[in-house]
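Asks: Turn this into a model:
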Amino acid sequence: MPRVLLIEDDLAVQKGVSLALKRRGHEVEIAASGETGLLALERYRPDLVLLDLMLPGMSGLEVCRRIRESKQIPIIILSARGDDIDVVVGLEAGADDYIVKPAGGEILEARIKAVLRRVAPSPDGAAADPAAQAPFGPERHGNLVIDRTALIVTRNGAELPLAPSELKLLLFLSAAPGQVYSRQQLLEQVWEHSFYGDDRLVDACVMRLRAKIEDDPRAPLYVRTVRGFGYRFGPVG
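Replies: Coordinates of the predicted model:
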C-alpha cells in the first residue's frame, strides 16, 4: 500500500488521520512541522504527502512550494481553512487536491487513490487512463512532445516537471484535440470527483500547466479556454 507522509501539528488530527489510513493498509510517517516534514520527505520517501497549511514555523504553502521545486510527488492539502482564497492559493502553490478538515477516512482514501491513479502504470505497462495509451508512440504538438507510455512531456527538447494532476490533465485534453470539456467533466475524468464544488481545482491546474507548457500563458496555444463552456486542447499544427 502507498506510503503517506502526514505533515500536521495537531495531535488529535495526527492520531485520527494516521489511524484511519493504517486501518486501510497504509504506512504513515508523521511530521509536526514543515521543516521536519521536508527532512522526512528525503528519509521516508513517501508515495504521497498530506499537508496542513497552518503549521508552526514554515507555513504549509512554503512547504508545498519547496517540494514542487524538486519533486513531482502527489500533494494533498488537508486544512481547516476552506475559504475560496485559501483553496485557490493552496492549489496555485502546486497541490494536486485540497480537502477541508474534518474529513472521514473514506474521503481521505478515495482522494489518495484518485491522485495516485493519475500517473500509476497498469499491470500491462500502459498508463492507467485510456487517454494515456500510446499506440503510435510519442506525439508532437507544436513544440510539445508527449510520450504517453513513459509519461514524459518535453518542450523544445527539455523535459517538463509536471505534477500528477498537471500531467493527467494534459494527457486527457491532448487525447482529443479540439474537444471541449466542461470543468465538471474534467473533475470527473481527471480528478475523479463526481460531486459539485471543486471547479477551483481545474482552473488552478490549468493556470499552472499553462505556465509550464505555453510560450505566453496569457495567449495559450495548447490549453485554451472556451468561454462559458470549459477547456480544449489546441489543435496545434
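Asks: Please make it C-alpha for all contacts and neighbour counts, starting now.
Replies: Fine.
Asks: Output the below-cut-off pLDDT ranges for the protein.
Replies: For the chain, the stretches flagged by pLDDT under 70 are 84, 118-136, 193-198, 235-237.
Asks: roughly how far apart are the closest residue to residue 156 other than its chain neighbours and residue 214?
Replies: In space, and not counting its chain neighbours, residue 156 is closest to residue 143: 5.4 Å by Cα to Cα, 6 or more residues apart in numbering. Residue 143 sits 9 Å away from residue 214 when distances are taken as Cα to Cα, to the nearest Å.
Asks: Equivalent analysis for residue 1, please.
Replies: For residue 1, the distance to residue 214 under the criterion Cα to Cα works out to 36 Å.
Asks: centre of the chain versus the longest helix along the chain, how much separation?
Replies: Identified as the longest helix of the chain according to DSSP state H is helix 199-213. Counting by Cα atoms, centre = their mean, to the nearest Å, helix 199-213 is centred 10 Å from the centre of its parent chain.
Asks: any residues touching it, and which ones?
Replies: Outside of helix 199-213, the residues within contact range by Cα atoms under 8 Å, 6 or more residues apart in numbering are 87-88, 91-92, 94, 96-97, 144, 155, 160, 162, 165-166, 170, 183-184, 186-187, 217, 220, 222-223.
Asks: Among these, which ones are in strands?
Replies: For the contacts of helix 199-213, membership in strands holds for 97, 144, 155, 223, with DSSP state E as the criterion.
Asks: dump the residue contacts of the second one.
Replies: Think residue 144. With contacts taken as Cα under 8 Å, 6+ apart, residue 144 has the following neighbours: 153, 154, 155, 156, 213.
Asks: Save those as CSV, and put in neighbour count too.
Replies: As requested, the contacts of residue 144 are arranged in CSV below (neighbours: other Cα atoms under 10 Å):
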residue, neighbour count
153, 23
154, 16
155, 18
156, 11
213, 22
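Asks: okay, those in a markdown table with distance to residue 22 next?
Replies: Listed next are the contacts of residue 144 as a markdown table, based on distance: Cα to Cα, whole Å:
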| residue | distance to residue 22 |
| --- | --- |
| 153 | 35 |
| 154 | 38 |
| 155 | 40 |
| 156 | 44 |
| 213 | 38 |
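Asks: In the helix or strand containing residue 41, which residues are buried?
Replies: Residue 41 is part of helix 34-44, with elements assigned from DSSP states H and E. For helix 34-44, a neighbour-count test (16 or more other Cα atoms under 10 Å) marks 34, 35, 37, 38, 40, 41 as buried.
Asks: Pick out the residue nearest the middle of this structure.
Replies: In the chain, the C-alpha nearest the mean C-alpha coordinate belongs to residue 96, at 2.6 Å (Cα atoms, centre = their mean).
Asks: Now for that residue: which residues touch it?
Replies: By Cα under 8 Å, 6+ apart, the residues touching residue 96 are 74, 75, 76, 115, 163, 164, 165, 201, 205.
Asks: Return the distance of it relative to residue 211.
Replies: Taking Cα to Cα as the criterion, residue 96 is separated from residue 211 by 16 Å.
Asks: and if you look at residue 81?
Replies: Relative to residue 211, and taking Cα to Cα, residue 81 is found at 26 Å.
Asks: Quick check: residue 153 is in a strand.
Replies: Yes - counting by DSSP: H, G, I helix; E, B strand; the rest coil, residue 153 is found in a strand.
Asks: bridging residues for it?
Replies: Legend: beta-bridge partners of residue 153 under DSSP bridges are residue 146.
Asks: Does it touch residue 163 like I think?
Replies: No - applying Cα atoms under 8 Å as the test, residue 153 and residue 163 come out as separate, 11.3 Å apart.
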